[in-house]
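>>> Model the structure of this input:
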Amino acid sequence: MVKISFQQVSARKAEKENDGNKEEIHVPCTHDELVLPVWSKKSPMGGLWCIVPGLVIFMSGLIIASVCLYRYYYYNPQVPEDSLFHCRMMYDDPLYAPLLGRQEVEENVGIYLEDNYEHISVPVPDFASSDPADIIHDFHRGLTAYYDIALDKCYVIELNTTIVMPPRNLWELLVNVKRGTYLPQTYIVQEEMVVSGRIRNVRQLGPFIHRLCYGKDVYRLRRRSGQKRIEKRETRNCHTIRHFENTFVVETVICDRLHF
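Next comes the predicted model:
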């Protein structure tokens, strides 16, 4: 009896060769540790550096806007002493001359050369026919505002440059009067005005008139046509402001309604 046995070497060799031609595939086992991707955390300082410049720019703009609004509407700059005047003027009024003789008008004048306007303050007069008032002549906007203190009302009209002297000319006149080198004439000129409507938006009148008339009833005026002087019997609904802004005294008559 012959015993036959098989060699395993060739089979194992072929197996190894076959194994060498195959790609190795590794399947993770359940007990292997899974490694997840780690996202990098951004520092909060990065966002802060973006917000801070924006806040700085916003606050700077807010501060600048506030300063401009305050300067434009509410700030009242100091006037040099040589631009402030306390004036008294004697004048003759033909209507009252036989009874009262020469009369006197008193006022305080502030002349703002840089801003091109005049502020005239008329105190309570000695005679009852005139009201105390504050007056603004704004040459930049071409407007005049009268604040009648007795009535607590503001009246606005186009600036009359034939009567009101420009700030530089009025300043030179008052400086000469103060020095005693020039005396203004003593006659009186009357201008007559009638209320023509209500003004709601005072800001449109500019910062100086806005500051004078803010919170008050404001009315627009028109000049009365004709040269006839308003007589005493016709002034029942009229109020008078006497002041000077030239070489003569001006009597401004403001009427709500005229009765002729």
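
>>> pretty sure residue 84 is in contact with residue 107, am I right?
No. Using C-beta atoms under 8 Å, residue 84 is not in contact with residue 107; the gap is 11.7 Å. The C-beta positions use only the backbone N, C-alpha and C, and glycine is treated the same way.

>>> ok, those two, which is more surrounded?
Taking neighbours as other C-beta atoms under 10 Å, residue 84 and residue 107 compare with residue 107 leading, 21 against 14.

>>> what helix or strand is the closest residue to residue 252 other than its chain neighbours on?
Distance criterion C-beta to C-beta, 6 or more residues apart in numbering; nearest residue to residue 252, sequence neighbours excluded, is residue 241 at 4.6 Å. Applying DSSP states H and E as the criterion places residue 241 in strand 238-244.

>>> Can you tell me the strand partners of that strand and which way each runs?
Strand 238-244 has the following strand partners under DSSP bridges: strand 249-255 (antiparallel).

>>> Do a quick rundown of the strands in this structure.
Remark: strands assigned in the chain by DSSP state E are 84-91, 103-112, 117-122, 133-138, 143-148, 153-158, 188-198, 217-223, 238-244, 249-255.

>>> Need those strands in TSV (columns: mean pLDDT).
Listed next are the strands of the chain as TSV, based on pLDDT from 0 to 100:
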stretch	mean pLDDT
strand 84-91	86
strand 103-112	90
strand 117-122	96
strand 133-138	97
strand 143-148	98
strand 153-158	97
strand 188-198	92
strand 217-223	95
strand 238-244	92
strand 249-255	93
